[in-house]
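**Student:** Take this sequence and fold it.
(one chain, ligands or ions: 2)
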Amino acid sequence: MGLKRKRNPAHATSAPKHSETRKGTHLYRQDQARGSSGSTGTPQVDVKEHHGVAWWQQSRAQRPLAFVPKGPKGTKKVPISDEELREGAPCEVVRDVLPKQLANELLELLLADVPTWQRGQWIMFGKTHDAPRTSCYYSLACGQAEAEDSSDYKDVSALVDRRNAPGALREAAHVIDGVVRRLAKRLERDLAPRDRNCNGGWAASYALANHYADGQEAVGAHADRLTPLGKRPIIASLSLGATRTFRLKRAAASGAAEGTSIGGAATSGLERSGGGKGADSNKAESAATSSPAGGHIDSVDVSLEHNTLVIMWPPTQEEWRHEVPRSKAVGRHPVSGSARINLTFRRLDPASAARAPLCRCGNQAVLKASLNRRPPAGNNAGARDGQHAYYFACDNTKGSCGFWRWDDEA
Ligand SMILES: O=C(O)CCC(=O)C(=O)O
Ligand SMILES: [Fe+2]
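**Tutor:** Ligands and ions are numbered 1, 2, ... in the order given. The predicted model follows:
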């Protein structure tokens with residue numbers, strides 16, 4: 001706090017520009033350029049040029065970060081621009097989001113904290129497994145971590161503890177709140193009323209931190225829990241350290257049948273869908289339907305470089321799944337090496353958490369979105385945004401009691 005930092009253009013324009021003159025940038029970019037010839041973790045691309053400029057000559061701002069699969073098997077990756085990503089998927093990337101010095105300081109500070117983070121656990125067929133990453137919650141609610149109700153969290157596991165965010169993390173959250181609110185202006189009417197700028201705008205109340213020591217650590221395909229965040233949440237995801245691939249797929253395109261639900265998968269259950277074991281293998285599934293022109297995207301890989309923010313706008317958690325697959329090609333960072341830290345900035349919606357009924361097991365049921373989008377006859381579930389029907393269901397991974405109820409919130 002209180003440190004003088006250079007102003008970042010990302011905070012002032014909707015298409016942040018890379019500053020060639022920013023102090024300290026030059027050295028770092030040389031390092032990135034070295035990495036880009038082989039080890040940035042960027043997906044293998046079959047083209048050498050994008051928008052007429054050779055790959056290695058492109059500045060960080062021009063270099064495409066998003067790639068869609070092409071060809072019948074989806075093995076080729078075609079770069080798309082930031083605008084094409086924004087048009088084809090409900091998410092966008094902001095490069096160099098934090099002042100460089102703050103991003104580096106935050107990385108070092110969190111790396112020092114990492115040995116105290118814990119592995120979440122998940123249960124499959126009655127067996128408990130350790131998550132392939134370590135995690136921790138940082139509360140941004142003004143030093144209130146102890147006072148908050150632990151049942152409000154549970155994105156990961158009751159095992160993962162919460163602590164008050166250090167100053168640099170609060171400062172980063174403040175910058176990110178501002179960036180999200182600025183970019184949210186054009187989406188105002190698609191946002192949940194609580195997040196609209198006319199109601200004061202979105203602000204993160206906590207950050208879920210994940211540490212991936214190397215390319216063997218991952219998170220499987222999932223949607224983040226709606227229960228603690230409410231319907232149509234905004235989630236802002238900051239990457240620090242090594243470069244990894246963030247894969248987004250439409251839930252319907254990843255094999256979900258009509259009526260399939262999404263949005264209730266706890267991170268503790270993520271590995272069920274493949275992140276634990278060679279998640280790269282599901283690459284080809286939706287390849288044929290992705291448009292490199294950006295009009296319609298079913299699947300996209302985003303290369304997450306140090307200090308890049310991905311904003312998942314609604315309805316990402318309702319309609320898409322995201323993952324960080326295992327990978328041999330991790331783009332090393334000068335400070336963290338092969339390790340990557342991710343912070344997902346989220347806003348708790350205590351009213352949403354409080355509405356979840358108890359299932360017959362006596363646990364809080366989870367809120368899920370139905371992908372078939374049809375509110376049931378005679379029920380106003382889903383009528384509020386006209387897009388999704390929502391329901392509550394038992395979340396007991398050791399054996400469901402079968403509890404299920406439409407959410408009829410008007
Ligand atoms: O590491 C990432 O980029 C994603 C993490 C994530 O999806 C989660 O914590 O829910
Ligand atoms: Fe997630």
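
**Student:** what residues does the stretch 301-410 of the chain put near ligand 1?
**Tutor:** Applying C-beta under 6 Å from any ligand atom, one finds that the stretch 301-410 of the chain approaches ligand 1 through 322, 324, 342, 344. (Glycine included, C-beta is placed from N, CA and C.)

**Student:** Present those as a markdown table; the columns should include secondary structure and distance to Cys198.
**Tutor:** Shown next, in a markdown table, are those (DSSP: H, G, I helix; E, B strand; the rest coil; distance: C-beta to C-beta, whole Å):
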| residue | secondary structure | distance to Cys198 |
| --- | --- | --- |
| His322 | strand | 29 |
| Val324 | strand | 34 |
| Asn342 | strand | 31 |
| Thr344 | strand | 25 |
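
**Student:** From the residues you listed, pick the one nearest Gln216.
**Tutor:** Val324 (11.6 Å; C-beta to C-beta).

**Student:** what is that closest one paired to in the beta sheet?
**Tutor:** Note on Val324: beta-bridge partners by DSSP bridges are Val219.

**Student:** For the residues of the stretch 301-410 of the chain next to ligand 1, could you give me TSV that also reports neighbour count?
**Tutor:** Shown next, in TSV, are those (neighbours: other C-beta atoms under 10 Å):
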residue	neighbour count
His322	23
Val324	26
Asn342	23
Thr344	19
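
**Student:** Any idea which residue of this protein lies closest to ligand 1?
**Tutor:** For the chain and ligand 1, the shortest gap (C-beta to the nearest ligand atom) falls at Asn342, measuring 3.2 Å.

**Student:** Show me the beta-bridge partners of that residue.
**Tutor:** With DSSP bridges applied, Asn342 shows beta-bridge pairing to Asn210, Ser239.

**Student:** what sits against it?
**Tutor:** By C-beta atoms under 8 Å, 6 or more residues apart in numbering, the contact list for Asn342 reads 209-210, 212, 237-240, 304, 324.

**Student:** Take these and, keeping just the buried ones, write it as a PyMOL select command.
**Tutor:** Selection of buried members from these for PyMOL, criterion 16 or more other C-beta atoms under 10 Å:
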select buried, resi 209+210+212+237+238+239+240+304+324
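
**Student:** Now do the SS call for Gly362.
**Tutor:** coil (DSSP: H, G, I helix; E, B strand; the rest coil).

**Student:** Number of residues surrounding it?
**Tutor:** Using other C-beta atoms under 10 Å, Gly362 has 8 neighbouring residues.

**Student:** Can you pull the residues of the stretch 1-150 of the chain lying near ligand 1?
**Tutor:** Counting by C-beta under 6 Å from any ligand atom, no residue of the stretch 1-150 of the chain sits close to ligand 1.

**Student:** Helices of the stretch 1-150 of the chain, residue ranges please.
**Tutor:** Along the stretch 1-150 of the chain, counting by DSSP state H, counting those that start in this stretch, helices occupy 25-36, 82-88, 100-113.

**Student:** Check the gap between Asp190 and Pro72 for me.
**Tutor:** As judged by C-beta to C-beta, to the nearest Å, Asp190 and Pro72 stand 34 Å apart.
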